[in-house]
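A.B. asks: sequence and computational prediction follow.
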2 protein chains.
Amino acid sequence: MNFSVFDHQMMAKAIKLAEKGRFTTHPNPNVGCVITQGETIVGHGYHIRAGGPHAEVHALAMAGDKAKGATAYVTLEPCSHYGRTPPCAKGLIDAGVARVICAMQDPNPEVSGNGIAMLKAAGIEVQVGLLEAEAERINRPFLKKMRSGMPWVQLKMAASLDGKTALQNGNSQWITSRLARADVQLYRAQAGAILSTSKTVIDDNASLNVRWDDLAEEVRSIYPDTEHFDADNSGQKLRQPLRVILDRQQQLTQDLRLFNSAGEVLVISGPEQTKADSTIDLPQLLANLASQHNINHIWVEAGATLAASFIEQGLVDELIVYLAPKIMGTDGRGLVNLIGLTEMDQAIELTIEQLTQVGPDIKLVATFKSSR
Amino acid sequence: MNFSVFDHQMMAKAIKLAEKGRFTTHPNPNVGCVITQGETIVGHGYHIRAGGPHAEVHALAMAGDKAKGATAYVTLEPCSHYGRTPPCAKGLIDAGVARVICAMQDPNPEVSGNGIAMLKAAGIEVQVGLLEAEAERINRPFLKKMRSGMPWVQLKMAASLDGKTALQNGNSQWITSRLARADVQLYRAQAGAILSTSKTVIDDNASLNVRWDDLAEEVRSIYPDTEHFDADNSGQKLRQPLRVILDRQQQLTQDLRLFNSAGEVLVISGPEQTKADSTIDLPQLLANLASQHNINHIWVEAGATLAASFIEQGLVDELIVYLAPKIMGTDGRGLVNLIGLTEMDQAIELTIEQLTQVGPDIKLVATFKSSR
């Protein structure tokens, strides 16, 4: 396949557009579209929120008659099925587009090559694979769920430089800075579900939702537009992730902030979720969240015990760690409840993908080495 | 004071030159000198090693007759006293230099303004204060000792991401990568003394010296020249820091690698160094190392107990922390032996000055907040 520099530029622009929907499209993928006549952009758009028009619809509406004979750059194969909206492949055909370049094929079994086939059958020139890795990256949760049936899991941890999450007496407010906590809001706002435990919810009386006022100005500006907010711009209509709380011993009470804040709550306590040893069956829970609740992206925010379970069972796709430049002492509480290592090669090894400072704190994004 | 862009460029070059001596000049300061005629550099040099010629001597030798009427840029006030070499102020006067720009005054009581006064008395135009902060930075150990009588202390720590320095059974080789350990050699090679404990020396049978073979190629290339090495370039003549080992219970034995490797060893075990509670009096020890052994730069490399003592007594000027991307578990050994914190505001707070990756590991350079 030969793509020109211009082709690359246009697809990069389409990917940038797609990313603008990242707080609002779940469980749909992020998709962007750019339509060109010669080297002029005549239309562009992106999928803003589930239930709303697809990227191609926005771009075609903008292009109008200029779509005839045009080239369309789409970050994901145009859909071929009648869902909440008519198929985008049909829209491109009806508009008279001459050439369609897709970054990647859609693994959704309802599409998966059918969109491309529809376009080709209509005589449109179709090319696939331009900036495919970049297009993969912006839809890791959607793609993982489509391919494996399992959601994509991010585990958040926060500790002092000496790896402590709380003092011996449990005091932990606040280890990390206001800016680090605002960064956490950014991840929550992108997730389909937040997974935590009754202990974390009760200890901190945490609401575990997305709060417009707590989002950094920089994050608010990424929200696609303000049309979805109340007149007072209070963010009451923010898409809230589903809060999934493990509560095996049924300790949650209705007076908690959790139950009196925006967003839905799913409490997991029933025996149907637990294994013979009476622990919660995490892989089964994740699979259920994907299949029954259409969740593709889970943000895990809990204590050292749940973190250890997720890590030991190899359920984490990406680790987000905030380290505050503080020393809390050897009697504080540890980061990950693992014990019993006797050889250094038993240590869990990570690869650091990103290392940055968030205000005074260190932030690192890491993945697990080996098959974990 | 008005300095031109050219003046700034020349002083920056002199500072770069000065830094080339950082592995070899201890206990002397790093000094660089550039001599110009108009906008042409006619001489430059730097102090290579204690006992050898000063920066000005090298630069004047190179300039020869062209020093007459020239401008000399020196990173530190030229010396005025007869030491191992004749005073540089006299050298600049004898060479007929017309103008001398110093980055800063020398706090050494034997100089401290006298060099500048000598130059002025000879009719030379003298200006002081160009790139002073940068000149301060390259001589932090020398300047601290001159001003306070105390050495400048760097504390090295290495741990896993969850703050562990060893497994429960003591296994710790290796937490950090080969590249991180090579980076440690770089710090050792700049220090006047390495301070450690008999426990660390015995546990690892550590030689705690500088090994040419373990220095990264990049570090070797920083060494000022190779004239100081053996014909086989084995580095046998490397300047070795004094190894100061705390051994209150006299556990060191002569068969240890420590006593059979290049460099001198000072064992601290006598009662004259200990306090009433039979712990070693660290501030007194540091003061003695400065006054009796002419040490201005100490690199502390030991375990969690000594680290805690140094930190609690406010004796650390800079903390160098290597964090390996590993999780070692809650039963591993902690980073700093502090206990008993009950409120988050009792945590020891740091400011991160540098955050980088060294191979797979995280490296941070930090200072202590408040008066610690």
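C.D. replies: Received, thanks.

A.B. asks: how about the residues of the stretch 201-350 of chain A near chain B?
C.D. replies: Remark: the part of the stretch 201-350 of chain A in contact with chain B comprises A:304, A:311, A:321, A:323, A:325-332, A:334-344, A:347-350, using Cβ under 8 Å from any Cβ of the partner chain. (Glycine included, C-beta is placed from N, CA and C.)

A.B. asks: show me which of these are buried.
C.D. replies: Among those, those that count as buried by neighbour count (16 or more other Cβ atoms under 10 Å in any protein chain shown) are A:304, A:311, A:321, A:323, A:325-330, A:332, A:334-338, A:341, A:344, A:347-350.

A.B. asks: those in strands, which ones?
C.D. replies: Among those, the members falling in strands are A:321, A:323, A:326-327, A:334, A:348-350 (criterion: DSSP state E).

A.B. asks: lowest-confidence one in these?
C.D. replies: Of all these, the one the model is least sure of by pLDDT is A:G334, with 90.

A.B. asks: what sits against it?
C.D. replies: Contacts were defined as Cβ atoms under 8 Å, 6 or more residues apart in numbering or on different chains; by that measure A:G334 touches A:163-165, A:304, B:162-163, B:329-330.

A.B. asks: ok, so of those residues, who is nearest B:D7?
C.D. replies: The closest of these to B:D7 turns out to be B:G163 (Cβ to Cβ; 47.7 Å).

A.B. asks: count the residues that sit near that closest one.
C.D. replies: By the other Cβ atoms under 10 Å in any protein chain shown criterion, the neighbourhood of B:G163 contains 29 residues.

A.B. asks: I'd like to know how far it sits from A:A324.
C.D. replies: The span separating B:G163 from A:A324 equals 12 Å under the rule Cβ to Cβ, to the nearest Å.

A.B. asks: okay, and the common contacts of these two?
C.D. replies: A:159-161.

A.B. asks: for chain A, give me the ranges with low pLDDT.
C.D. replies: Applying pLDDT under 70 to chain A flags residues A:1, A:225-237, A:271-274, A:276-278, A:371-372.

A.B. asks: off-centre distance for the helix or strand where A:S309 lies?
C.D. replies: Taking DSSP states H and E as the criterion, the element that holds A:S309 is helix A:304-312. On the basis of Cα atoms, centre = their mean, to the nearest Å, helix A:304-312 sits 20 Å off its chain's mean C-alpha point.

A.B. asks: next: stretch A:101-119.
C.D. replies: Averaging C-alpha positions (Cα atoms, centre = their mean) puts stretch A:101-119 22 Å from its chain's average.

A.B. asks: and for the closest residue to A:Q190 other than its chain neighbours, the neighbour number?
C.D. replies: Closest residue in space to A:Q190, ignoring its immediate chain neighbours: A:R22 at 5.4 Å, by Cβ to Cβ, 6 or more residues apart in numbering or on different chains. Residues contacting A:R22 under the criterion other Cβ under 10 Å number 19.

A.B. asks: and for the one 5 residues further on?
C.D. replies: Under the neighbour criterion other Cβ under 10 Å, A:P27 is assigned a count of 16.

A.B. asks: now the residue in the stretch 1-150 of chain A that chain B sits nearest to: phi and psi?
C.D. replies: Per Cβ to the nearest Cβ, A:R140 is where the stretch 1-150 of chain A lies closest to chain B, at 20.4 Å. Dihedral angles phi and psi of A:R140 (degrees, to the nearest 10) take the values phi -60, psi -40.

A.B. asks: kindly report the same for A:Q9.
C.D. replies: The phi/psi pair for A:Q9 (degrees, to the nearest 10) is phi -60, psi -40.

A.B. asks: check the one 3 residues further on too.
C.D. replies: Backbone torsions for A:A12, taken as degrees, to the nearest 10, come to phi -60, psi -40.

A.B. asks: how close does it sit to A:G43?
C.D. replies: As defined by Cβ to Cβ, A:A12 lies at a distance of 17 Å from A:G43.

A.B. asks: ok, A:T197 next?
C.D. replies: 47 Å.

A.B. asks: with A:A366 instead?
C.D. replies: Distance from A:A366 to A:G43, counting by Cβ to Cβ: 40 Å.

A.B. asks: contacting residues for A:T351?
C.D. replies: Under the criterion of Cβ under 8 Å, 6+ apart, the contact list for A:T351 reads A:366-369, B:325, B:360.

A.B. asks: out of those, which is nearest to B:I175?
C.D. replies: Nearest to B:I175 among the contacts of A:T351, with distances taken as Cβ to Cβ, is B:P325, at 10.4 Å.

A.B. asks: is it true that the closest one touches A:Q354?
C.D. replies: No: the pair B:P325 and A:Q354 fails to qualify as a contact (Cβ atoms under 8 Å) at a distance of 11.9 Å.

A.B. asks: mutual contacts of the two, please.
C.D. replies: Common neighbours of B:P325 and A:Q354 (criterion: Cβ under 8 Å, 6+ apart): A:L364.

A.B. asks: can you confirm A:K16 is in a strand?
C.D. replies: No: using DSSP: H, G, I helix; E, B strand; the rest coil, the assignment for A:K16 is helix, not a strand.

A.B. asks: so how many other residues sit close to it?
C.D. replies: 16.

A.B. asks: how near is it to A:Q346?
C.D. replies: Here the criterion is Cβ to Cβ. By it, A:K16 lies 43 Å from A:Q346.

A.B. asks: again with A:T356
C.D. replies: For A:T356, the distance to A:Q346 equals 29 Å [Cβ to Cβ].

A.B. asks: what do you get for A:L130?
C.D. replies: Taking Cβ to Cβ as the measure, A:L130 and A:Q346 are separated by 44 Å.

A.B. asks: give me the more crowded residue out of these two.
C.D. replies: Using other Cβ under 10 Å as the criterion, A:L130 and A:Q346 rank with A:L130 on top: 23 against 15.

A.B. asks: what's near enough to touch that one?
C.D. replies: A:L130 makes contacts with A:1, A:3, A:7-8, A:11, A:73, A:101-103, as judged by Cβ under 8 Å, 6+ apart.

A.B. asks: check A:E349 too.
C.D. replies: Applying Cβ under 8 Å, 6+ apart, we find A:E349 in contact with A:368-370, B:325-326.

A.B. asks: if we only consider those residues, which is nearest to A:H26?
C.D. replies: A:F368 (24.1 Å).

A.B. asks: ok, and the closest non-adjacent residue to that closest one?
C.D. replies: Take A:F368 and drop its neighbours on the chain: the residue closest to it by Cβ to Cβ, 6+ apart is A:L350, 6.0 Å away.

A.B. asks: what residues sit buried inside stretch A:133-147?
C.D. replies: So for stretch A:133-147, counting by 16+ other Cβ under 10 Å, buried means A:134-135, A:138-139, A:141-146.

A.B. asks: in helices only, show me those.
C.D. replies: Helix and strand membership here follows DSSP state H; of the buried residues of stretch A:133-147, those in helices are A:134-135, A:141-146.

A.B. asks: which two in these are spaced the farthest apart?
C.D. replies: A:E134 and A:K145 (19.6 Å).

A.B. asks: could you pull out the helices for the stretch 151-300 of chain A?
C.D. replies: For the stretch 151-300 of chain A, applying DSSP state H, counting those that start in this stretch gives helices covering A:178-190, A:198-204, A:217-220, A:282-293.
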